[in-house]
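[1] from the sequence below, what's the structure:
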Amino acid sequence: MRILWLTWKDKQHPQAGGAEVVSSELGKRLAAEGHEVLFITGGYEGGAKRTTIDGYKVIRLGNRYTVYWHAYKYIKKNLRDWPELVIEEINTVPFFSRLYLKNVKRYLFFHMLCRKIWFYQLSMPLSMLGFLLEPLYLRVLKKDPVITVSNSTKMDLVRNGYHHKQVHIISEGILLPPVNSVEKVDKFPRPTIISLGAIRAMKQTMDQVKAFEITKKVYPKLQLKIAGDASSDYGKKVLNYIAHSRYKKDIEYLGKVSPKQKKELLKKGHLISVTSIKEGWGLIVTEAASQGTPAVVYDVDGLRDSVRNTKTGLITTDNTPYKLASCMWRVLTDKDLYTDLQRNGWQWSKSINFDKAYFDFMKVVK
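    A predicted model of the protein is given here:
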C-alpha cells in the first residue's frame with residue numbers, strides 16, 4: 001500500500017513531541033511490513049529537505065506556517081495519483097487534502113482539539129481567530145473518518161458534529177520499557193516531585209511550583225526537580241518566580257534533558273505532576289508509571305484518560321495549586337495508597353505499547 005502521511009512536524013523536528021513519536025512508530029512499522037510510506041512535513045533550520053527515517057521517506061517543505069501551501073503544490077504536481085491511503089494529521093491547522101486529493105481513502109488523525117489552548121499559546125487577535133476557526137474547519141472535514149488516541153478527544157469531536165462511529169480510538173504507546181519490579185526501584189533519598197516537559201503557558205508549570213510550595217510547608221523534606229525548555233516568555237517568568245521563592249534551594253531546574261536523564265528522573269522521582277490545559281493522552285504520565293512513579297494531575301482531557309483516579313494516580317477535584325498540593329500530600333503520606341498507585345500504574349503501562357497501537361491502527365485502516 002502507498003501511504004501519504006501529512007503532518008507539520010516529523011520526529012527529528014526541534015519541537016517534536018509525543019504526537020511525533022506516535023506517528024513515527026506507526027510509520028516505522030508500516031515500512032517494515034513492506035508499505036511505501038511518505039511523510040510530507042514542514043522544514044526547519046538545518047533539516048534535510050529529503051531523508052529516510054526508520055524505513056519511511058520524509059520530504060520537508062516550507063516551514064511551520066507555509067508547509068500547507070507547499071504540500072498542496074507538491075502533491076498536485078507530483079503525487080496526485082500516487083497514494084492509496086492518506087493520513088492527515090491535524091495539529092492546530094489542517095492540510096485540507098480532501099479538496100485536492102479526491103477518490104482516495106483518507107483518515108484524519110487528531111491527538112486533541114485545541115480550542116482554548118489558542119488563548120495560552122497566542123496573543124490576541126490570533127488566539128481568538130484560532131478559537132473561532134477550529135469548529136468551522138471541523139465542519140468542512142467531518143465527512144472523513146478519524147483516528148485518535150483517547151476517549152476525551154473522541155467526545156470532543158462528537159461535540160463538534162462527528163458521529164461516534166466515525167471516530168476510532170487506537171492505543172497510545174511508550175518507548176520506555178517498564179522496569180522489572182517497582183519494589184526494587186531506587187528513588188531519590190528525599191521525597192521528590194518531578195515536572196517534565198516544555199515550560200509553556202498551556203502546561204501551567206507555575207501551578208506545579210506553587211503546589212510544591214504549599215506542600216513544602218507541611219512536608220519539609222520535599223524537593224522539586226523541573227526539566228524542560230524554558231526559552232519562552234512564560235518559561236522565563238517561571239524561572240524568575242523560582243529565583244525569588246522562599247524554597248528556591250529545594251527547586252532544581254535542569255534545563256532540557258537527554259532521553260537518558262529523562263528516564264532517570266522518571267524512575268527516581270516519587271511523583272510526577274502534570275497540569276496542562278489539556279492533552280491528547282499525556283504520554284509522560286504513562287512513561288512515569290512504567291518506571292514506578294505515580295502521577296498527580298489536573299482533571300482535563302487526556303489526563304483523565306492516562307490516569308485512573310485513585311487506581312494509578314490522583315486527579316484533582318479542582319484545577320488549582322491548592323488541590324494539587326492536597327493530592328501530593330495525600331500520596332506522599334499514605335504508604336499503602338502510594339504502593340497501590342505505583343503497582344497498578346506499572347501494570348497498566350505494560351499494555352500501552354506501540355505494537356498494540358499498530359495493531360489497532362491497521363485494524364482501522366484495513
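
[2] show residues contacting stretch 77-86.
    Contacting residues not belonging to stretch 77-86 are listed as 1-6, 38, 97, 100-101, 104-107, 365 [CB atoms under 8 Å, 6 or more residues apart in numbering]. Every residue, glycine included, has its C-beta placed from N, CA and C.

[3] inside helices: which ones of those?
    Residues of the contacts of stretch 77-86 located in helices (DSSP state H): residue 365.

[4] among the contacts of stretch 77-86, which ones are buried?
    Among those, those classed as buried by neighbour count (16 or more other CB atoms under 10 Å) are 3, 4, 5, 6, 38, 97, 101, 104, 106, 107, 365.

[5] domain assignment for this structure?
    2-171+353-365, 182-349 (automatic domain parsing).

[6] tell me which of those sits most buried.
    Neighbour counts (mean count of other CB atoms under 10 Å) averaged over each of the domains of the chain peak at domain 182-349, with a mean of 19.

[7] quick check: end-to-end length of that domain?
    End-to-end distance for domain 182-349: 12 Å, by CA to CA, to the nearest Å.

[8] distance between it and the chain's centre?
    15 Å (CA atoms, centre = their mean, to the nearest Å).

[9] avg pLDDT for that domain?
    In this model, domain 182-349 carries a mean pLDDT of 96.

[10] before we move on, what about stretch 11-22?
    90.

[11] chain center to that stretch: distance?
    The answer for stretch 11-22 is 9 Å, by CA atoms, centre = their mean.

[12] got a list of what the residue lying closest to residue 250 once chain neighbours are set aside touches?
    Leaving out its chain neighbours, the residue that sits closest to residue 250 by CB to CB, 6 or more residues apart in numbering is residue 223, at 4.6 Å. Neighbour list for residue 223: 188, 190, 191, 192, 193, 250, 251, 252 [criterion: CB under 8 Å, 6+ apart].

[13] can I get the residues you listed in a markdown table with distance to residue 146 and secondary structure?
    Converted to a markdown table, the contacts of residue 223 look like this (distance: CB to CB, whole Å; DSSP: H, G, I helix; E, B strand; the rest coil):
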| residue | distance to residue 146 | secondary structure |
| --- | --- | --- |
| 188 | 42 | coil |
| 190 | 45 | coil |
| 191 | 42 | coil |
| 192 | 39 | strand |
| 193 | 36 | strand |
| 250 | 45 | helix |
| 251 | 41 | strand |
| 252 | 41 | strand |
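
[14] out of the residues you listed, the closest to residue 20 would be?
    Nearest to residue 20 among these: residue 193, at 26.9 Å, using CB to CB.
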